[in-house]
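Asker: One predicted model, sequence on top.
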Amino acid sequence: MIENSGSAKLREAVVSGIFYPEDPDALRAAVEGELGKAAAGRGDAAAILSPHAAFEYAGAVAAAAWAAASRRVPSAVVLLAPYHRAEESAVWLPEAEVFQTPLGDVMVDRAYVEELESCGTLFRQNDIPHFEEHGIEVQLPFLQVLFPKASVVPVLLGKPSPSAVESLAKALSLVFSDSRESVLFVVSTNFAGHSSAEEASRRFERVLSYLASGDYEALYEEYRSETPDMCGVGCLASLMRSRLLGGRTWKLLERADSGSKRSTPAERIVYYAGGVWV
């Protein structure tokens, strides 16, 4: 639930014990274990792409992405994720001052939240969308282990209409262009595929080619008609369209898919990618 503790509004953990371990020691051990396996890939990435699947599905993929930024010391981490239940095009910012996981509290950077809200009528503060979503929460344990002093800027994108994608891209550029060196950008997304393993693989390879070429328009068109939002295509297109990645090169680090875990052959395969812009 969302509650007020003293003077601080909290967004409590809602998927602990489901998407990742609920016990703090077990959670820290799991995160540190996966980061340890990715230690050879430690770096200073400007932005990362990390999946928001359950830890058992894509923990190693997420760890590879986060490890690639682990040499940085960001003061804030901007987390972009989709609002799966969205019925309208809007950018949802938190009213909460603290996001919680079993590892403790992460302070919300209220100054950045207020700046983003001022960027237009599509930007709104409302805790309900954040309570209903897991895309940001599953990234927080990595943030807490690697960057315990960093604040978080949680951003949820509703229906990824062209105007919403453009508005978010412009807002990110306006608010963060002068602070790129002190901010890490994280896009939380999964890639829906197809029930056919062959078609799912071909589609994912197209996605990877769009990322490599920086063709956010082709990436957006690939998934724009889908519900829900490729689980993040609007966020990804917005970041790629912004001025924040200028001169940066995309690199795929890890990949996985849900093919071996499907309950029926008709179930769609979901792909998970961990990558960076350096």
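Answerer: Looks like it arrived, so ask away.
Asker: what's the residue closest to the geometric middle of this protein?
Answerer: Ser188 (1.9 Å; CA atoms, centre = their mean).
Asker: For Ala38, list the residues it contacts.
Answerer: 60, 63-64, 66-68, 253-254 (CB atoms under 8 Å, 6 or more residues apart in numbering). Using the backbone N, CA and C atoms, a C-beta is placed for each residue, glycine as well.
Asker: Please, where are all the strands along this structure?
Answerer: Assigned by DSSP state E, the chain shows strands spanning 2-5, 8-11, 47-50, 76-82, 91-93, 98-101, 104-107, 123-125, 151-157, 183-188, 191-192, 250-257, 270-277.
Asker: Could you export those as CSV, including mean pLDDT and distance to Gly234?
Answerer: Listed next are the strands of the chain as CSV, based on pLDDT from 0 to 100; distance: least, CB to CB, whole Å:
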stretch, mean pLDDT, distance to Gly234
strand 2-5, 46, 24
strand 8-11, 88, 22
strand 47-50, 98, 14
strand 76-82, 97, 7
strand 91-93, 97, 10
strand 98-101, 98, 21
strand 104-107, 98, 24
strand 123-125, 97, 14
strand 151-157, 97, 5
strand 183-188, 98, 10
strand 191-192, 78, 13
strand 250-257, 94, 18
strand 270-277, 94, 16
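Asker: can you tell me how far the residue lying closest to Ala60 once chain neighbours are set aside sits from Ser260?
Answerer: Excluding the flanking residues, the one nearest Ala60 by CB to CB, 6 or more residues apart in numbering is Glu34, at 5.4 Å. To Ser260, Glu34 is 19 Å away according to CB to CB, to the nearest Å.
Asker: Low-confidence stretches in the stretch 151-278 of the chain?
Answerer: 194-195, 224-230 (pLDDT under 70).
Asker: in the stretch 151-278 of the chain, which spans are helices?
Answerer: 162-176, 197-213, 216-223, 233-241 (DSSP state H, counting those that start in this stretch).
Asker: Tell me what Ser16 is bridged to.
Answerer: Note on Ser16: beta-bridge partners Tyr20, judged by DSSP bridges.
Asker: Neighbours of it, how many?
Answerer: Using other CB atoms under 10 Å, Ser16 is surrounded by 21 other residues.
Asker: Make 54 the first number, not 1, from now on.
Answerer: Yes, from this point I'll number from 54; that puts the last item at Ser69.
Asker: Surely it touches His187?
Answerer: No. If you go by CB atoms under 8 Å, Ser69 and His187 don't touch, sitting 10.0 Å apart.
Asker: now Phe108, nearest residue through space, not along the chain?
Answerer: That would be Tyr73: by CB to CB, 6+ apart, it lies 4.5 Å from Phe108.
Asker: Show the contacting residues for the one you found.
Answerer: So Tyr73 contacts 80, 83, 107-108, 112, 191, 194 (CB under 8 Å, 6+ apart).
Asker: quick one: it from Lys90, how far?
Answerer: The separation that Tyr73 has from Lys90, given CB to CB, amounts to 16 Å.
Asker: Also Pro77?
Answerer: Pro77 is 21 Å from Lys90, where distance means CB to CB.
Asker: Same question for Phe184.
Answerer: For Phe184, the distance to Lys90 (CB to CB) stands at 32 Å.
Asker: of Glu87 and Ser313, who's got more company?
Answerer: Just comparing Glu87 and Ser313: by other CB under 10 Å the higher neighbour count belongs to Glu87, 20 against 7.
Asker: quick one: contacts for the closest residue to Ala139 other than its chain neighbours?
Answerer: Leaving aside its sequence neighbours, Ala139 sits nearest to Gly211 (CB to CB, 6+ apart; 3.3 Å). Going by CB under 8 Å, 6+ apart, Gly211 touches 136, 139-145, 182, 217.
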